[in-house]
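In: Turn this into a model:
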Amino acid sequence: MGLDFGSGADTLSFQVRAGPKIHKAMIFAAILCWGSLVSLTTAFSIVAPPHPYETLIVDTRVPVLIEDNWVMMSREDHQRFLQRRAAAVEREEDSDTTTTEEEAEVEAADSYPTATSTQDGASTTTIPISVTTTTSSSSTKTATTTTRTASSSPLPSPLDNAIASNFTGNGECQEFITNMLADSTFKSCYPFSMLVQGSLSMFNAEKSLFSITQVLDATCSANVTFCVDYLDQVASNLTETANCADDYEQQNSVVVQAYLGLKGYQPLYSASCLQDADTSAYCFANAVTNSSAIADTYLYYLPLNISYPNITTPDCNSCTKNVLGIFQAATADRDAAIANTYADAANAVNAQCGAGFVNATLPEAQVSSAAVPGFAHQAPSLLLWSLFVAVLSQWLL
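Out: Numbering: from 1, shown residues only. Here you go, the predicted model:
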């Protein structure tokens, strides 16, 4: 706008042209308002919880009576419980039918059975035993040697009881799992964590101390350092979109079991390879073949995201203590399934074995070097907006 003051030749005239500056200021203010609105909207979308929906939740668990207490179990846990109870009853019946008062007392020697292979593929096991023979006047004890020949059987296979599942898509997921199980590198690792759940042949091997010891010898002979990295990569590949991502999101039991088994390899490798200091037998082998120690077997399911039944009575021995010590250290990885199940299990064991029998406190959480708090999780739109405002400020000033 223009203003004139005075008259004639002495007229004072000047122009005030504020239009462009006001226009730029208005643009800058409008951009700031728009940016604030975008920031608030983005922040709300990040922080706000998901919108609740009305959902009908159906509890498919079944009530099970254990030691005069009713416990709610999933169908899979119930089936596992029935299988283990049936195996324990079968072992007791076998013991009753083979031992009578009139028969000689047979005691196993302190040394563990040794097996040698023969040309026809059978394995010969020599077991030193002592036999007590009772007569009318006295008893004599003589040392004898018994030789037993048994056919060699293949080692158990992972997921042999559940691979025929309902997969989504065009079979990509089933093909991935089938190829994974057939891969020679996977077989060389022979992960115990993939056997303990979902393997019918493993369940059968657990009925015999000899056969389960063979399995543990094989799993513990793997290169654990290599296999940890290898199986972790397989787990990442499993959940890729081109493989089993959809089935994993839909909680397909086979896919979830496979993923948890792959991710839980390291703690279960260490726990399954523990040996009793007094007998040199594997702790897991003692647990699955001893009907009075069935509660101890539940400990080995903790890294597979299966809770420990707090009504069971564990053995308060070195095996229980050392197994939980391994799992307690593994909880430093808060993303691992063991971090969800360990504390309750440790408290349940301490309730039976005494306070402080095992450490029920989780260690300090591991911090990923890839995470940068406060920056890496910012929305990309906010970072671009900050850069835009900085450039615009330089242009206006």
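In: Going along the chain, name the helices of the stretch 101-250 of the chain.
Out: Taking DSSP state H, counting those that start in this stretch as the test, the helices found in the stretch 101-250 of the chain are 172-182, 184-189, 200-205, 209-220, 224-238, 245-249.
In: Make a markdown table from those helices and add mean neighbour count, distance to Thr279 and mean pLDDT to it.
Out: C-beta here means a position set from N, CA and C on the backbone, and glycine is covered the same way. Converted to a markdown table, these look like this (neighbours: other Cβ atoms under 10 Å; distance: least, Cβ to Cβ, whole Å; pLDDT from 0 to 100):
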| stretch | mean neighbour count | distance to Thr279 | mean pLDDT |
| --- | --- | --- | --- |
| helix 172-182 | 17 | 33 | 94 |
| helix 184-189 | 14 | 27 | 97 |
| helix 200-205 | 18 | 19 | 92 |
| helix 209-220 | 19 | 11 | 96 |
| helix 224-238 | 16 | 24 | 97 |
| helix 245-249 | 18 | 41 | 94 |
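In: So which of the ones you listed is nearest Lys321?
Out: Closest approach to Lys321 among the helices of the stretch 101-250 of the chain (Cβ to Cβ): helix 209-220, 19.3 Å.
In: Output the contacting helices and strands for the closest one.
Out: Packing partners of helix 209-220 (3 or more Cβ pairs under 8 Å, 6 or more residues apart in numbering; DSSP states H and E): helix 200-205, helix 265-272, helix 283-289.
In: for these, which one sits closest to Gly325?
Out: If you check each of the helices and strands packed on helix 209-220 against Gly325 by Cβ to Cβ, helix 265-272 wins as the nearest, at 9.4 Å.
In: pLDDT on the closest one, on average?
Out: The pLDDT scores in helix 265-272 average 97.
In: Tabulate the CA atom coordinates of that helix in CSV.
Out: Coordinates of each C-alpha in helix 265-272 appear next as CSV, following Å, rounded to 0.1, in the frame of the first residue of the first chain:
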residue,chain,number,x,y,z
TYR,A,265,17.8,-75.4,20.6
GLN,A,266,20.6,-74.0,22.7
PRO,A,267,19.1,-74.2,26.2
LEU,A,268,17.6,-77.6,25.5
TYR,A,269,20.8,-78.9,24.1
SER,A,270,22.6,-77.9,27.3
ALA,A,271,19.9,-79.3,29.5
SER,A,272,19.4,-82.6,27.7
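In: now for it, which elements pack on it?
Out: Partner elements for helix 265-272 (3+ Cβ pairs under 8 Å, 6+ apart): helix 209-220, helix 224-238, helix 283-289, helix 318-330.
In: between those helices, which gets nearest to Asn170?
Out: Asn170 lies closest, by Cβ to Cβ, to one member of the helices and strands packed on helix 265-272: helix 224-238, at 17.0 Å.
In: quick one, helices of the stretch 251-397 of the chain?
Out: Per DSSP H, counting those that start in this stretch, the stretch 251-397 of the chain carries helices over the ranges 253-263, 265-272, 283-289, 294-297, 318-330, 338-353, 380-396.
In: Can you add distance to Gln266 and give the helices of the stretch 101-250 of the chain back as a markdown table?
Out: Conversion of the helices of the stretch 101-250 of the chain to a markdown table gives the following (distance: least, Cβ to Cβ, whole Å):
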| stretch | distance to Gln266 |
| --- | --- |
| helix 172-182 | 18 |
| helix 184-189 | 11 |
| helix 200-205 | 19 |
| helix 209-220 | 12 |
| helix 224-238 | 5 |
| helix 245-249 | 21 |
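In: Gly264 is nearest to which of those?
Out: So among those, helix 224-238 is nearest, using Cβ to Cβ, at 9.4 Å.
In: how far off helix 253-263 does that closest one point, in degrees?
Out: Here the directions of helix 224-238 and helix 253-263 differ by 150 degrees (axes from the mean of the first three to the mean of the last three Cα atoms, to 10 degrees).
In: ok, residues contacting helix 224-238?
Out: Contacts with helix 224-238, where a contact means Cβ atoms under 8 Å, 6 or more residues apart in numbering, come from 176-177, 180, 185-186, 188-189, 191, 243-244, 248, 255, 258-259, 262-263, 265-266, 269-270.
In: try it again with 7 Å
Out: Applying Cβ atoms under 7 Å, 6 or more residues apart in numbering, the contact partners of helix 224-238 are 176, 180, 185, 189, 191, 243-244, 258-259, 262-263, 265-266, 269.
In: next one: stretch 250-263
Out: Residues from elsewhere that reach stretch 250-263 (Cβ under 7 Å, 6+ apart): 159, 162-163, 165, 167-168, 173, 177, 191, 193-194, 197-198, 231-232, 234-235, 238-239, 244, 247-248, 304-305, 336-337.
In: Ok, stretch 167-175 next?
Out: Residues outside stretch 167-175 that contact it (Cβ under 7 Å, 6+ apart): 242-244, 246-247, 250, 252, 255.
In: Quick one: those residues as a markdown table, columns for distance to Val323 too.
Out: Shown next, in a markdown table, are the contacts of stretch 167-175 (distance: Cβ to Cβ, whole Å):
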| residue | distance to Val323 |
| --- | --- |
| Ala242 | 37 |
| Asn243 | 33 |
| Cys244 | 30 |
| Asp246 | 35 |
| Asp247 | 31 |
| Gln250 | 33 |
| Asn252 | 29 |
| Val255 | 27 |
